[in-house]
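**Q** Any chance you can model this:
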Amino acid sequence: MRSINDIPIHVLSPDETLTGQAEAVLSEIADLLGRLLETGEAGSIDLRSLPLSPADRDWLNAKLGRGEVEIVLEAGGRSVLTETAYAGVWKVQHCDTEERVVSEFIEVAYIPAIVRPAGADIENAYEKLQSDLKQIS
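**A** Predicted structure coming up:
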């Protein structure tokens, strides 16, 4: 007869363990996507504020997949906005000038907020274009 000491045990490091947080994030993303569809209201989840293990992050990335669009901005550091396989769900990562990640979000929106021009910017563009057109004539 075998003893309990003969049972092989493999201890996982915290990095290899799913905590359940990623599944909760995926559920919240679904809720935000439903709200976007119903009301047009965007939402976001700050991934760096959550106790996600590396295994959680890998699982979440695998579940979200990759979409067709990636936007890279260079403004005080690099920002990468990647559409997931789910339209309207974006992974957004901001780095400082030394390429250190300073924020990481899931943004649920038709267009990520950082890409949308402010109303004042559009107004200025309109006025400039009107002025430029007058100079052509």
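
**Q** which residues sit against the helix or strand bottoming out on mean pLDDT in the chain?
**A** Every helix and strand in the chain was compared by mean pLDDT, DSSP states H and E; the lowest is helix 119-136, with a mean of 91. Residues outside helix 119-136 that contact it (CB atoms under 8 Å, 6 or more residues apart in numbering): residue 117. C-beta here means a position set from N, CA and C on the backbone, and glycine is covered the same way.

**Q** Look at the spatially most central residue of the chain and give its secondary structure.
**A** In the chain, the residue lying closest to the centroid (CA atoms, centre = their mean) is residue 91, at 2.1 Å. The local conformation at residue 91, judged by DSSP: H, G, I helix; E, B strand; the rest coil, is strand.

**Q** Can you tell me how far it is from residue 120?
**A** 28 Å (CB to CB, to the nearest Å).

**Q** next one: residue 126
**A** Taken as CB to CB, the span from residue 126 to residue 120 is 11 Å.

**Q** So residue 48 versus residue 104, what's the distance?
**A** 5 Å.

**Q** Compare the two (neighbour count), which wins?
**A** The neighbour count for residue 48 versus residue 104, taken as other CB atoms under 10 Å, is higher for residue 104 (18 against 11).

**Q** beta partners of the more buried one?
**A** residue 93 (DSSP bridges).

**Q** In this structure, where is pLDDT below threshold?
**A** Where the chain drops to pLDDT under 70, the residues are 1-2, 9-16.

**Q** Let me see the ranges of the helices in it.
**A** Using DSSP state H, the helices of the chain run over 21-39, 54-64, 119-136.

**Q** could you say what helices and strands the first one packs with?
**A** What it means is helix 21-39. Secondary-structure packing of helix 21-39 (3 or more CB pairs under 8 Å, 6 or more residues apart in numbering; DSSP states H and E): strand 43-46, helix 54-64, strand 101-108.
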